[in-house]
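Student: I would like to see how this sequence folds:
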Amino acid sequence: KLVLEQQKLRSIHGDKITKDFLDGCTYLDAVVRETMRLVPVSGGWLRRAEETVVLDGRQIPEGAAVFYNIRLTHELDPTISSSTPMN
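Tutor: Residues are numbered from 1 along each chain as shown. Predicted coordinates:
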């Protein structure tokens, strides 16, 4: 789909990449956004627990440093299955 989109836009705009050309790259935009979601530039960040909580049977005390991993969160997203085809 991406190659077809690029071929179509090149037939309309030629080989020069312009704003109009890029504005037509809707599928390319979707591919880049999904890639950034699955493989973010930042792996995560450090936060402090604002209150004591129990997570998966483990207590995290108020003020404790907590690292969250964006990539792992997205990889384990229950709404996305590894068997889901990427069309």
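
Student: centroid residue for this protein?
Tutor: residue 37 (0.6 Å; Cα atoms, centre = their mean).

Student: wait, doesn't that residue sit right on residue 74?
Tutor: Yes - between residue 37 and residue 74 there is a contact under Cβ atoms under 8 Å: 5.7 Å. From N, CA and C alone the C-beta is placed, and that goes for glycine too.

Student: hey, C-alpha coordinates of the worst-scoring helix or strand of the chain on mean pLDDT in CSV?
Tutor: Between all helices and strands in the chain, the lowest mean by mean pLDDT, DSSP states H and E belongs to helix 70-75, at a mean of 77. Extracted in CSV, the C-alpha atoms of helix 70-75 (Å, rounded to 0.1, in the frame of the first residue of the first chain):
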residue,chain,number,x,y,z
ILE,A,70,6.4,2.8,27.0
ARG,A,71,7.6,0.1,24.5
LEU,A,72,6.6,-2.7,26.8
THR,A,73,3.3,-1.1,27.6
HIS,A,74,2.5,-1.0,23.9
GLU,A,75,3.8,-4.5,23.2
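
Student: if you count contacts, what does it end up packed against?
Tutor: helix 26-38, strand 44-48 (3 or more Cβ pairs under 8 Å, 6 or more residues apart in numbering; DSSP states H and E).
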